[in-house]
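1. Sequence isn't available, so here's the structure alone:
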């Protein structure tokens, strides 16, 4: 039996059915969904996002993603909203804290850099390697952009009792770290007194 041909066409083609209301498959065709003005939502476990979870700390949770596909002018566009929290390790007290996520994004499908430069400032480019888009990767990319460079508790909420060091003490500590014989010089000076 030859499966390369359907009864009504001469070639094998992908069949794209409309997703059920509110439910989106993991791999989508953004152009098709934008033409149909599809909306939907999905929940993602942070532990399944390997690039992101390497930067997180402790017990991981979930993030809820809502998507809306539409045409903006002639460009297929996806607007999204992410809600949840990212557990991080404070680099001051080394304790776990959660950064709340309430993030919105808007991406337009572009064919190259020239089209990307033509987009308005409030729309980011979405350059596809294939005709389809993996929603989990899109969500993970957006969450990675939200990670702080140095994770710290909000001001005043750190659990450590860090005593501020004076500028003189800090300079003296740096000098001692640079010169391991500085301690011997101090002992020699103090021994002559």
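-> Looks like it arrived, so ask away. Note that the coordinates shown come from a computational prediction; the quantities given were computed from them, not determined experimentally.

2. From residue 153, how far out is residue 109?
-> Distance of residue 109 to residue 153, given as Cβ to Cβ, to the nearest Å: 39 Å. (C-beta placed from N, C-alpha, C; glycine too.)

3. same deal with residue 135?
-> 32 Å.

4. higher neighbour count, those two?
-> The neighbour count for residue 135 versus residue 153, taken as other Cβ atoms under 10 Å, is higher for residue 135 (21 against 17).

5. At which residues are the helices of this protein located?
-> Taking DSSP state H to define them, one finds helices in the chain at 30-36, 50-53, 113-117, 135-146, 167-178, 182-192.

6. Please give me every residue in contact with residue 104.
-> Going by Cβ atoms under 8 Å, 6 or more residues apart in numbering, residue 104 touches 79, 80, 81, 82.

7. Give me the ChimeraX select line for the residues you listed, limited to the buried ones.
-> Restricted to buried positions by 16 or more other Cβ atoms under 10 Å, the ChimeraX selection for the contacts of residue 104 reads:
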select :79,80,82
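
8. Now do residue 76 against residue 110, distance only.
-> 10 Å.

9. ok so, going back, where strands are concerned, which of the contacts of residue 104 count?
-> 79, 80, 81, 82 (DSSP state E).

10. Which member of those residues is positioned nearest residue 28?
-> residue 80 (12.1 Å; Cβ to Cβ).

11. wait, isn't that closest one in contact with residue 133?
-> No. Applying Cβ atoms under 8 Å as the test, residue 80 and residue 133 come out as separate, 11.4 Å apart.

12. residue contacts, the closest residue to residue 77 other than its chain neighbours?
-> Using Cβ to Cβ, 6 or more residues apart in numbering and skipping residues adjacent in sequence, the residue nearest residue 77 is residue 108, 4.7 Å away. Counting by Cβ under 8 Å, 6+ apart, residue 108 makes contact with 72, 75, 76, 77, 119, 123, 124, 125, 126.

13. In the sheet, which residues pair with residue 108? Tell me.
-> For residue 108, the beta-bridge partners are residue 77, residue 125 (DSSP bridges).

14. Can you give me the distance of it to residue 79?
-> 10 Å.

15. tell me the contacts of residue 59?
-> residue 87.

16. Residue 138 too?
-> So residue 138 contacts 78, 80, 107, 126 (Cβ under 8 Å, 6+ apart).
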